[in-house]
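J.: I'd like to go over a predicted model; first the sequence, then the structure.
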Amino acid sequence: MLRSRHESDSITVMTDGATIDIADDQILANRIIRGLIAIREHLGCSLRESLEVFAARYEALRDERPDDFVCTRDEYWVGFYS
């Protein structure tokens, strides 16, 4: 199902990533794919939109809970290509 531009914008604005905590455990544990799946299922959004929300939440968690991550910022995205 394709979303209209308006629907996509409302998902991004509505969530802005920082407020969606559904995938926090996956984000902190560096389980990127599982986190993306959780966000997609929760929001009913596209893969691209879920990646945007994931990245925004990742940054929020890096600021709020830096010691809870299982790896450093430099190690986090190694091997993940989007």
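T.: Right, received. Where do you want to start?
J.: quick check: the gap between residue 36 and residue 67.
T.: The gap separating residue 36 from residue 67 is 24 Å, by C-beta to C-beta, to the nearest Å. In this view, the C-beta of every residue, glycine as well, is placed from N, C-alpha and C.
J.: and those two? which has more neighbours close in?
T.: Neighbour totals were compared for residue 36 and residue 67, and residue 36 leads with 20 against 4 (other C-beta atoms under 10 Å).
J.: neighbours around the closest residue to the more buried one other than its chain neighbours, how many?
T.: Nearest residue to residue 36 in three dimensions, chain neighbours excluded: residue 50, at 4.9 Å (C-beta to C-beta, 6 or more residues apart in numbering). By the criterion of other C-beta under 10 Å, residue 50 has 24 neighbours.
J.: which secondary structure element contains residue 50?
T.: Here residue 50 sits within helix 47-64, counting by DSSP states H and E.
J.: tell me if I'm right that the residue nearest to residue 36 and residue 32 touch.
T.: No. With contact defined as C-beta atoms under 8 Å, residue 50 does not count as touching residue 32 (10.6 Å).
J.: what is the burial count for the closest residue to residue 32 other than its chain neighbours?
T.: Counting by C-beta to C-beta, 6+ apart, the nearest residue to residue 32 once its immediate chain neighbours are dropped is residue 80, at 5.3 Å. Around residue 80 there are 10 other residues, counting by other C-beta under 10 Å.
J.: how about low-confidence regions in the protein?
T.: 1-18 (pLDDT under 70).
J.: 50 - rerun?
T.: Regions of the chain meeting the criterion pLDDT under 50 cover residues 1-6, 10-14.
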